[in-house]
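>>> Turn this into a structure:
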Amino acid sequence: MQTTVEILGKKVLVEWTKNADKKMQALTEPLAVEMELYFSCLIRKAVRFGADAHAENFAFANPQLKIGFRPVMTQTCNVSDYAGEPPLTDFPIVKPEAYVPKRLTIDYKNGSWTGDFFLQRIKPHNS
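Below you'll find the predicted structure:
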């Protein structure tokens, strides 16, 4: 399944598997999915689900699926100071729309949600 949502004025293609769709239909409230772009000493991307999704604004892909984007950064850059995840803060990007992903994929397998997002468009293959 797939649809397109608009985040910060940019279109994002959202694709999900039949397993994910089946699991979403059984939920009592919409699944929140956050595309987190993490700026620090390194750049990392992560897809967060449910209570782990902390974006301020979400766009509904369907009644059971809402999508958000959140650029974050560490409060400090000394990674060795932290045993686990370092504390995050929202990243005040001047033009956050320039970093909105182009495509998000979602699946549900082995009892958990998985996802990935892409910052570039996928070019069709020539046959």
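
>>> Could you use CA atoms for every contact and neighbour count after this?
Will do.

>>> pLDDT wise, what is C77 at?
Note on C77: pLDDT of 61.

>>> and what of Y99?
Predicted confidence (pLDDT) for Y99: 85.

>>> okay, now it: neighbour count?
Y99 has 16 neighbouring residues, counting by other CA atoms under 10 Å.

>>> List the single closest residue to it in space, sequence neighbours excluded.
L119 (7.3 Å; CA to CA, 6 or more residues apart in numbering).

>>> And L31, by the same measure?
L65 (4.9 Å).

>>> before we move on, back to that, ok, now which ones touch the residue nearest to Y99?
99-103 (CA atoms under 8 Å, 6 or more residues apart in numbering).

>>> Could you check the pLDDT of I106?
So, for I106, pLDDT stands at 98.

>>> That one contacts E15, correct?
Yes: counting by CA atoms under 8 Å, I106 touches E15, with 6.3 Å between them.

>>> Settle this for me: R48 is touching L31, isn't it.
No: contact criterion CA under 8 Å: R48 and L31 do not qualify, at 10.4 Å.

>>> ok, the residue most central in space within the chain to A26 distance?
Centroid-nearest residue in the chain, with CA atoms, centre = their mean: M35, separated by 1.7 Å. Distance, M35 to A26, using CA to CA, to the nearest Å: 23 Å.

>>> again with A46
From A46 to A26 the distance is 25 Å (CA to CA).

>>> neighbour-wise, which of those two wins?
Legend: neighbour count by other CA under 10 Å for A46 and A26, higher for A46 (14 against 10).

>>> Show the pLDDT at A83.
Looking at A83, the pLDDT reads 59.
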